[in-house]
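**Q** coordinates only, sequence not included:
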Ligand SMILES: Nc1ncnc2c1ncn2[C@@H]1O[C@H](COP(=O)(O)OP(=O)(O)OP(=O)(O)O)[C@@H](O)[C@H]1O
């Protein structure tokens with residue numbers, strides 16, 4: 001396997017049964033090859049099948065037709081090599097920040113000694129700058145902090161692929177910017193493949209190596225794949241006047257609001 005074909009989606013179709021013998025054909029003919037360590041965004045209007053695709057890669061739902069191959073193995077269900085972060089963090093409220101991460105590490109790496117376990121949990125607590133809050137409970141921290149715990153927990157199990165379904169969608173714009181910075185910094189040190197669903201054009205360009213743009217459903221598919229040729233680390237302020245940044249933004253705007261405009265949003 002070359003690193004370029006680390007994750008392959010081949011002829012993916014997904015339909016949902018609607019009762020009465022009818023079905024809703026959500027996505028068709030999705031073909032894409034994703035390289036190791038790439039950051040990919042999926043963008044498209046509401047209902048175009050973004051979460052459906054992500055859930056199939058996560059192994060939480062099965063495609064109707066086609067294959068999803070990760071590192072030469074077909075995906076047939078969930079596995080620890082893929083971690084998911086959802087919009088609404090799914091932390092256990094009765095466990096502290098530290099314990100939420102510890103539980104995930106214990107489950108996936110039962111062979112660790114207690115000192116190795118502690119070192120690993122502390123490393124990921126620090127990675128998202130939450131040392132000061134490690135003994136707090138989810139009810140005692142802000143939404144942005146909860147989402148940072150969710151990211152730390154996902155990364156602590158050393159997934160090959162981090163799947164994020166609108167991870168910053170519920171946050172205010174300053175907190176969102178702060179988390180985007182965290183994600184970019186962490187990804188440079190952790191080096192895994194990241195697939196992130198977003199509705200935010202600036203977020204897609206800032207974070208991604210490639211942006212997958214979906215056509216509208218039913219029978220949605222990949223319309224275009226945009227390559228973002230911006231060096232890293234990226235600085236959001238400097239990017240505003242960068243011709244490549246402006247080109248990418250315009251390409252996505254034109255795709256979403258001219259080629260595949262949708263009036264019911
Ligand atoms: N279990 C289901 N049964 C029937 N239809 C479904 C089911 N799950 C999803 N769909 C339909 O499939 C389409 C794609 O849904 P999906 O949630 O993947 O879209 P999305 O692009 O993630 O949307 P949004 O941006 O609003 O979150 C939608 O029309 C949705 O109604």
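**A** Here it is on my side, so go on. Nothing here was measured: the structure is a model prediction, and the numbers come from that model.
**Q** tell me where this protein has helices.
**A** Assigned by DSSP state H, the helices in the chain fall at 50-58, 97-108, 114-127, 143-156, 173-190, 201-207, 236-239, 243-254.
**Q** now tabulate those in CSV and tack on distance to the ligand and mean pLDDT.
**A** For the C-beta atoms, the positions are set from N, CA and C on the backbone; glycine is no exception. Converted to CSV, the helices of the chain look like this (distance: least, Cβ to the nearest ligand atom, whole Å; pLDDT from 0 to 100):
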stretch, distance to the ligand, mean pLDDT
helix 50-58, 3, 96
helix 97-108, 25, 95
helix 114-127, 28, 95
helix 143-156, 17, 90
helix 173-190, 17, 87
helix 201-207, 13, 97
helix 236-239, 24, 96
helix 243-254, 15, 98
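**Q** is it possible to get TSV of those helices that adds distance to residue 67 and mean neighbour count?
**A** TSV is the format used below for these (distance: least, Cβ to Cβ, whole Å; neighbours: other Cβ atoms under 10 Å):
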stretch	distance to residue 67	mean neighbour count
helix 50-58	11	22
helix 97-108	25	20
helix 114-127	32	16
helix 143-156	25	23
helix 173-190	27	16
helix 201-207	26	23
helix 236-239	37	12
helix 243-254	28	15
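**Q** residue 222 against residue 28, yeah?
**A** No: counting by Cβ atoms under 8 Å, residue 222 stays clear of residue 28, with 10.2 Å between them.
**Q** just put the helices of the chain in a markdown table and tack on distance to residue 261.
**A** Shown next, in a markdown table, are these (distance: least, Cβ to Cβ, whole Å):
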| stretch | distance to residue 261 |
| --- | --- |
| helix 50-58 | 17 |
| helix 97-108 | 41 |
| helix 114-127 | 40 |
| helix 143-156 | 31 |
| helix 173-190 | 25 |
| helix 201-207 | 14 |
| helix 236-239 | 26 |
| helix 243-254 | 10 |
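**Q** closest to residue 137 out of those?
**A** Nearest to residue 137 among the helices of the chain is helix 97-108; the distance by Cβ to Cβ comes to 7.8 Å.
**Q** any idea of the angle the closest one forms with helix 143-156?
**A** Put simply, helix 97-108 runs at 20 degrees to helix 143-156, going by axes from the mean of the first three to the mean of the last three Cα atoms, to 10 degrees.
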